[in-house]
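In: Sharing a sequence plus its predicted fold:
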2 protein chains.
Amino acid sequence: MADVVKFDEHPSDTLRAGANFNLAGIDPASTPGYSGDKGAGESLLSELDGKLTQLQEQLFAESRTGGKKRVLLVLQAMDTAGKGGIVNHVMGQMNPQGVQFKAFKAPTPEEQSYDFLWRIEKEVPAAGMVGVFDRSHYEDVLIHRVHRWADAVELDRRYRAINEFEARQTAAGTKIIKVMLHISRDEQQQRLLARLEDPSKRWKYSGNDLKERAFWDDYMDAYQAAFERTSSEHAPWHVIPANKKWYARIAVQQLLLDALNGLALQWPVPEIDVDMERELVRRS
Amino acid sequence: MADVVKFDEHPSDTLRAGANFNLAGIDPASTPGYSGDKGAGESLLSELDGKLTQLQEQLFAESRTGGKKRVLLVLQAMDTAGKGGIVNHVMGQMNPQGVQFKAFKAPTPEEQSYDFLWRIEKEVPAAGMVGVFDRSHYEDVLIHRVHRWADAVELDRRYRAINEFEARQTAAGTKIIKVMLHISRDEQQQRLLARLEDPSKRWKYSGNDLKERAFWDDYMDAYQAAFERTSSEHAPWHVIPANKKWYARIAVQQLLLDALNGLALQWPVPEIDVDMERELVRRS
């Protein structure tokens, strides 16, 4: 395996969609803050797995003694950008006991009969868990904006509702990490062609992908608008160049590590008399 | 890493609790059907991870085109026997997108107000998923039998209800794998002491473990009775010697592989004209 190369700059800073952020200025093939190559990146991913797993276990452990902290990773992207790979290769290294995964598909008739945040609230991670949303409430300001299923007034209501919702989750102990995996239009074309060629991937191909692809520029505008309206202090957006899958994975891993490290987790100290319990076990 | 050593005999056969099965005759420190040592076992676990992940993806893929197959692994054991390790090291290698994990704790007042299978039915795996129950409906014929919270008539009703429930799930496309991880009383004592010594494990220690430990023989009787009444053709029990954690992990991995191989999974062939779609993607 190649030597490990660490990040020069924290993705939490460099990839953040802050004030004056401009999506069009991001190169999807770039590797911001990272000077290593694919091999070095894969080594880094592998090396940090253990650290991520340990922090996750501490998060889980704290919740067993009343801790309210939890993490929510929100993944948004154009089709084929690699959400599945993030789930498999980054989250997949964690203990399944502590991961709460939810893929949001097109809403059912029942879900449509409620406000758009109804089905989201039901899936927020429990205390101690790392939640992952594969698509999310942001579909309601992305695809809905692109296809004009919501007008400007309704979109405005939704941006504000999202900010209130996320502020409330944050206050309840949730560290929210919002990620857009950013691929180029050409890269998507290559990946769609690759799906068609490989029988083990062909089932993932949907004619619908092509339909949404035709609205590429409108989607980029919708993402830009979402960043401007909902990249808040407590729940900032991060745009991760994702033409290079290995880079996207180490970048998301870093965001998770930074978030978990920021929680200052400790092993809980149970209220037991260890000497007494040891003696009781010995006599049992 | 040590050389891979394969199983001489299939755990699906050797560890099955069939007719005349006697729990007392199983040595928790043994490694039935396996002649390798710890290093060889760890190499085997690692080597077969990829195969397990591929089969899981095929199971998931089939469900996207209407397939109804799914797998349910039921884990039962005395405290410290290693259920968590199985989840982390065997299921943990799978894609979290396709794993549905549920830990059943002591029932809530709401759950208690229903029949014991109410909360179980809600958690059966969706089509295409590999479900894992950490404890299960069997608690209702184990701890309830040990502490006499249910009398003989009620236990009889529950055994029959469980068989009907599992037969119905099987008919709906679920391959059920039931596993008891079997440790010795002495091994449990050592593991409880180890939990007390290690600050990163101490939070897992509960005074309640010691209380249930005092009923060890009653639990073994309750397991024996459960095997006799509910080890059916379609949902047999397997008793896995678990004093050696590495053995328990490769044995469960084998049971999962056997179950998935038995489903004769295929990559779905989507109803698309590949040549036409390829051209459409190229022009897009």
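Out: It's in.

In: Look at A:Asn88 and tell me its secondary structure.
Out: helix (DSSP: H, G, I helix; E, B strand; the rest coil).

In: and the end-to-end length of stretch A:140-150?
Out: End-to-end distance for stretch A:140-150, by C-alpha to C-alpha, to the nearest Å: 8 Å.

In: Kindly report the same for stretch A:67-81.
Out: End-to-end distance for stretch A:67-81: 35 Å, by C-alpha to C-alpha.

In: how about it: buried residues?
Out: For stretch A:67-81, the neighbour count (16 or more other C-beta atoms under 10 Å in any protein chain shown) marks A:67, A:69-81 as buried. Where you see a C-beta, it was placed from the backbone N, CA and C, and this is true even at glycine.

In: and the closest residue to A:Arg16 other than its chain neighbours, how many residues sit next to it?
Out: Excluding its sequence neighbours, the residue lying closest to A:Arg16 (C-beta to C-beta, 6 or more residues apart in numbering or on different chains) is A:Pro236, at 5.3 Å. A:Pro236 has 18 neighbours, counted by other C-beta atoms under 10 Å in any protein chain shown.

In: who's in contact with A:Pro236?
Out: For A:Pro236, the contact set (C-beta atoms under 8 Å, 6 or more residues apart in numbering or on different chains) comprises A:Arg16, A:Ala17, A:Gly18, A:Lys178.

In: Any figure for the gap between it and A:Lys175?
Out: As judged by C-beta to C-beta, to the nearest Å, A:Pro236 and A:Lys175 stand 11 Å apart.

In: follow-up on the earlier one: most neighbours out of the contacts of A:Pro236, which is it?
Out: Using other C-beta under 10 Å as the neighbour test, these are led by A:Lys178, with 25 neighbours.

In: hang on, it packs against A:Val239?
Out: No - if you go by C-beta atoms under 8 Å, A:Lys178 and A:Val239 don't touch, sitting 9.7 Å apart.

In: Which ones among the buried residues of stretch A:67-81 map onto strands?
Out: Within these, residues falling in strands by DSSP state E are A:Arg70, A:Val71, A:Leu72, A:Leu73, A:Val74, A:Leu75, A:Gln76, A:Ala77.

In: What residues does the stretch 101-250 of chain A have near chain B?
Out: Counting by C-beta under 8 Å from any C-beta of the partner chain, the positions of the stretch 101-250 of chain A adjacent to chain B are A:101, A:103, A:132, A:134, A:189, A:192-193, A:196, A:199-200, A:202-205, A:207, A:210, A:213-214.

In: about what we covered before: any chance of the buried residues of stretch A:67-81 in TSV, plus pLDDT and distance to A:Leu263?
Out: Output for the buried residues of stretch A:67-81, formatted as TSV (pLDDT from 0 to 100; distance: C-beta to C-beta, whole Å):
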residue	pLDDT	distance to A:Leu263
A:Gly67	95	9
A:Lys69	98	5
A:Arg70	98	9
A:Val71	98	8
A:Leu72	98	13
A:Leu73	98	14
A:Val74	98	17
A:Leu75	98	20
A:Gln76	98	23
A:Ala77	98	26
A:Met78	97	31
A:Asp79	96	33
A:Thr80	97	33
A:Ala81	97	28
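
In: For chain B, tell me which of the residues you listed show up nearby.
Out: Okay, of these, nothing touches chain B (C-beta under 8 Å from any C-beta).

In: Could I get the full set of helices for chain A?
Out: With DSSP state H as the criterion, chain A has helices at A:11-14, A:38-64, A:83-89, A:109-112, A:118-121, A:143-146, A:152-171, A:185-197, A:207-213, A:216-230, A:245-261, A:274-283.

In: Nearest to B:Val252, out of those helices?
Out: When the helices of chain A are compared by C-beta to C-beta, helix A:38-64 sits nearest B:Val252, at 19.6 Å.

In: Are there helices or strands packed against that closest one, and which ones?
Out: Using 3 or more C-beta pairs under 8 Å, 6 or more residues apart in numbering or on different chains; DSSP states H and E as the contact test, the elements touching helix A:38-64 are strand A:70-77, helix A:245-261.

In: what do you get if the cut-off is 7 Å, keeping everything else the same?
Out: In terms of contacts (3 or more C-beta pairs under 7 Å, 6 or more residues apart in numbering or on different chains; DSSP states H and E), helix A:38-64 is packed against helix A:245-261.

In: how far does the helix it packs on sit from the chain's center?
Out: In terms of C-alpha atoms, centre = their mean, to the nearest Å, the centre of helix A:245-261 is found 9 Å from the chain centre.

In: Please name every helix or strand in contact with that helix.
Out: Looks like helix A:245-261 contacts helix A:11-14, helix A:38-64, strand A:70-77, helix A:83-89, strand A:174-182, strand A:237-241 (3+ C-beta pairs under 7 Å, 6+ apart).

In: Could you export the ones you listed as TSV, including distance to A:Arg148?
Out: Listed next are the helices and strands packed on helix A:245-261 as TSV, based on distance: least, C-beta to C-beta, whole Å:
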stretch	distance to A:Arg148
helix A:11-14	34
helix A:38-64	40
strand A:70-77	19
helix A:83-89	25
strand A:174-182	21
strand A:237-241	23
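
In: Nearest approach to A:Ser113 belongs to which of those?
Out: strand A:70-77 (23.9 Å).

In: who touches that closest one?
Out: If you take C-beta atoms under 7 Å, 6 or more residues apart in numbering or on different chains as the criterion, strand A:70-77 is touched by A:83, A:86, A:124-136, A:138, A:169, A:173-181, A:256, A:259-260.

In: Please pick the buried ones from those residues.
Out: A:83, A:86, A:124-125, A:127-136, A:138, A:169, A:173-181, A:256, A:259-260.

In: what's the pLDDT at the spatially closest residue to A:Glu121 that is not a sequence neighbour?
Out: Counting by C-beta to C-beta, 6+ apart, A:Phe165 is the residue found nearest to A:Glu121 once chain neighbours are left out, at 7.6 Å. Looking at A:Phe165, its pLDDT stands at 98.

In: Likewise for the one 10 residues further on?
Out: Among the per-residue scores, A:Lys175 holds a pLDDT of 98.

In: A:Asp258 is in contact with that one, correct?
Out: No - between A:Lys175 and A:Asp258 there is no contact under C-beta atoms under 7 Å: 9.6 Å.

In: re the thing from before, got the helices of chain A as TSV, with distance to B:Glu57 columns?
Out: As requested, the helices of chain A are exported to TSV (distance: least, C-beta to C-beta, whole Å):
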stretch	distance to B:Glu57
helix A:11-14	28
helix A:38-64	20
helix A:83-89	9
helix A:109-112	27
helix A:118-121	26
helix A:143-146	26
helix A:152-171	32
helix A:185-197	14
helix A:207-213	19
helix A:216-230	28
helix A:245-261	17
helix A:274-283	43
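
In: Tell me the buried residues in stretch A:199-219?
Out: Buried, per 16+ other C-beta under 10 Å, within stretch A:199-219: A:Arg202, A:Trp203, A:Lys204, A:Tyr205, A:Ser206, A:Asp209, A:Leu210, A:Glu212, A:Arg213, A:Asp218, A:Tyr219.

In: can I assume the second one is in contact with B:Ala61?
Out: Yes - the pair A:Trp203 and B:Ala61 passes the contact test of C-beta under 7 Å, sitting 4.6 Å apart.

In: and the closest residue to A:Leu45 other than its chain neighbours, what does it touch?
Out: Counting by C-beta to C-beta, 6+ apart, A:Leu45 lies nearest to A:Ile250, which is 5.2 Å off, once chain neighbours are set aside. Shown in contact with A:Ile250 (C-beta under 7 Å, 6+ apart): A:Gly41, A:Leu44, A:Leu45.

In: Tell me how far A:Ile250 lies from chain B.
Out: 18 Å (C-beta to the nearest C-beta, to the nearest Å).

In: Likewise for A:Gly41?
Out: Where chain B is concerned, A:Gly41 sits at a distance of 21 Å (C-beta to the nearest C-beta).
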